[in-house]
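Chemist: Could you look at this predicted model? Sequence included:
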Amino acid sequence: MPWVVRDLFSAAGRRMEEYLSLDQIEPTCRYRWPDGTRFDAWQRLPQLIQEIERLNPADVPNFLRFLAYTADIYGAVADNFLLKPFDGISELLTPRLLRDGPKIDSLRSVDAAVRATFASPYLHQIFNRYATYNGSSPYLSPATFNVIAYIEFAEGGWYVRGGMYELAHALQRLATELGVEIRTSTPVSEVLLEGGAARGVRLSSGEIVRANQVVINADPRYAYTHLIPGRPRTAQRLTRLEPSCSGFILFLGINRHYPDLAHHNIFFSSDYPREFQAIFQKGVPAADPTIYVASTCLSDPQHAPPGHMNLFVLVNAPALNQRINWYREAPAYRDLIVAKLERMGLSDLRHHIAYETIWTPVDLQHHYNAAGGAIYGLASNNRFSAFMRPPLRAPDVRSLYFVGGGTHPGGGIPLVLLSGKAVAERVVLDN
């Protein structure tokens, strides 16, 4: 959704292109299965149709029908849910949404809708994967989230030239030009409340920063537990809600080149339902995980020395619980992932790792104050959970707001930026 970034700079009277360069990735993603099948998700429609036809010719018209179906979902939810401030489900009860309600397909699961559309089991797995974009299970989350597939196929996948952190650098530069003071390495220990309203923050150094309004971009579950005093009931209620999945990550530097890798790659498991049962119902890592591998050096050659590659390897993992001790289990799980990648084409990978760092859900929780290491805040594993996220405007503290992946409309860079835009509108309205 590059237009979200472009609109942000435009709102500040700037052109995004003066700060960032976005490149379209082709193919958007390369998918592989244990039986050797491969599928390239091209943005160019003729090539994409050829790929679908190769899997199952009957699914070509099914795909076009799926795009029309998901376009209807987008049309029904975009204005009401994604693109405007949202403080609760009551705001959705508009004549338009009541009229368009059947289009959002909230009574089926993502998987049920996908299976009713496509014949190919390979396409079932591809389109079910989009539920993981918000950390949920395709077998539990409502079919409304098929809208994610529509956005990717309609708008393509885009890469920030230089790496994703260039977006942070660009926003920092823009904010500084607009007079914003940014203080890093300055932990906040408490939100100051006076008369039921947020009136500033206390830093860990003891310094007090006064403000008329406070915006928190930490996970609301962390904020209510550690930053906002006197709200134990809200903290307990949020703790009881189901978290999204976390992740197990390998950062690898490889001293060889794998020519079959694309910028984005998915190495699927052989039993997708069992994988999600392990993560969301048993709370343990999947024995046969689906593996995501990104290699940005294929788009940015300077990201690795000549003849080398940088690999970001991500596997969905359960949020932290009592069933798994990552300090004990991480080395063996790392070996399992490397062995699977070797079986699926990255031959002799273990002997070509020149650099390696491992992150578990424990690290995600520690580095980002993500409750339970959950990457996307709360899961969307029932038809109401998308509306149960902590709202943008805190309901129990005046002048306090939330932005980021833990609030509305959800995780991922475009949605996080949209949450910031919506909160900015709220702040101006309430000031």
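Modeler: Nice, thanks for sending it over.
Chemist: if you go through the stretch 201-350 of the chain in chain order, where are the helices?
Modeler: 220-226, 232-240, 272-276, 326-343 (DSSP state H, counting those that start in this stretch).
Chemist: Wait, Q365 touches L320, no?
Modeler: Yes: between Q365 and L320 there is a contact under C-beta atoms under 8 Å: 6.3 Å. (Glycine included, C-beta is placed from N, CA and C.)
Chemist: ok so, going back, would you mind saying which of the helices of the stretch 201-350 of the chain lies nearest L64?
Modeler: Of all the helices of the stretch 201-350 of the chain, the one in closest proximity to L64, counting by C-beta to C-beta, is helix 272-276 (24.2 Å).
Chemist: Give me the contact list for that closest one.
Modeler: Contacts to helix 272-276, defined as C-beta atoms under 8 Å, 6 or more residues apart in numbering, come from residues 124-125, 128, 137-140, 269, 286, 288-290, 316.
Chemist: Which members of those define the maximum pairwise distance?
Modeler: Using C-beta to C-beta, those span at most 19.5 Å, a distance reached by L140 and D288.
Chemist: who has more neighbours, the two?
Modeler: L140 (20 against 16; other C-beta atoms under 10 Å).
Chemist: For the more buried one, which residues are in contact?
Modeler: For L140, the contact set (C-beta under 8 Å, 6+ apart) comprises S109, F276, F280, A379, N381, N382.
Chemist: Pick out whichever of those residues sits closest to P301.
Modeler: Nearest to P301 among the contacts of L140, counting by C-beta to C-beta, is F276 at 36.6 Å.
Chemist: picking that back up, biggest separation within the contacts of L140, which pair?
Modeler: For the contacts of L140, the farthest-apart pair by C-beta to C-beta is F276 and N382; their separation is 14.3 Å.
Chemist: Neighbour count: the two, which is higher?
Modeler: Taking neighbours as other C-beta under 10 Å, F276 and N382 compare with F276 leading, 25 against 15.
Chemist: ok, the more buried one to A332 distance?
Modeler: In this structure, F276 and A332 are 21 Å apart, going by C-beta to C-beta, to the nearest Å.
Chemist: and if you look at P305?
Modeler: Counting by C-beta to C-beta, the gap from P305 to A332 is 30 Å.
Chemist: higher neighbour count, these two?
Modeler: More neighbours surround P305 than the other of P305 and A332, with 13 against 10 (other C-beta under 10 Å).
Chemist: mind listing what's buried in stretch 250-270?
Modeler: 250, 252-254, 258, 261-269 (16 or more other C-beta atoms under 10 Å).
Chemist: still on that earlier bit, JSON lines for the contacts of helix 272-276, including distance to E356 and pLDDT?
Modeler: Formatted as JSON lines, those follow (distance: C-beta to C-beta, whole Å; pLDDT from 0 to 100):
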{"residue": "H124", "distance to E356": "34", "pLDDT": "98"}
{"residue": "Q125", "distance to E356": "29", "pLDDT": "98"}
{"residue": "N128", "distance to E356": "30", "pLDDT": "98"}
{"residue": "S137", "distance to E356": "30", "pLDDT": "96"}
{"residue": "P138", "distance to E356": "31", "pLDDT": "97"}
{"residue": "Y139", "distance to E356": "33", "pLDDT": "97"}
{"residue": "L140", "distance to E356": "34", "pLDDT": "95"}
{"residue": "S269", "distance to E356": "23", "pLDDT": "97"}
{"residue": "A286", "distance to E356": "21", "pLDDT": "97"}
{"residue": "D288", "distance to E356": "22", "pLDDT": "97"}
{"residue": "P289", "distance to E356": "18", "pLDDT": "98"}
{"residue": "T290", "distance to E356": "21", "pLDDT": "98"}
{"residue": "N316", "distance to E356": "20", "pLDDT": "97"}
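Chemist: Closest to G179 out of these?
Modeler: Proximity of the contacts of helix 272-276 to G179 (C-beta to C-beta) peaks at N316, which lies at 41.1 Å.
Chemist: ok, the closest one - contacts?
Modeler: If a contact means C-beta under 8 Å, 6+ apart, then N316 has T132, G135, C245, S246, G247, E275, I279, A286, P289, T290 as its contacts.
Chemist: Same check on V214?
Modeler: Residues counted as contacts of V214 (C-beta under 8 Å, 6+ apart) are V191, A198, R199, G200, V201, S399, L400, Y401.
Chemist: Look up the residues forming beta bridges with it.
Modeler: Taking DSSP bridges as the rule, V214 bridges to L400.
Chemist: quick one: it from S269, how far?
Modeler: Counting by C-beta to C-beta, the gap from V214 to S269 is 43 Å.
Chemist: Averaged pLDDT, stretch 165-180. What do you get?
Modeler: In this model, stretch 165-180 carries a mean pLDDT of 97.
Chemist: hmm, who's touching that stretch?
Modeler: With contact meaning C-beta under 8 Å, 6+ apart, stretch 165-180 is reached by V5, L8, F9, A12, R14, M16, Y19, L20, V160, I182, I413.
Chemist: The stretch 51-200 of the chain: strands as residue ranges?
Modeler: Using DSSP state E, counting those that start in this stretch, the strands assigned to the stretch 51-200 of the chain run over residues 158-160, 188-194, 197-203.
Chemist: what sits opposite R202 in the beta ladder?
Modeler: E190, I208.
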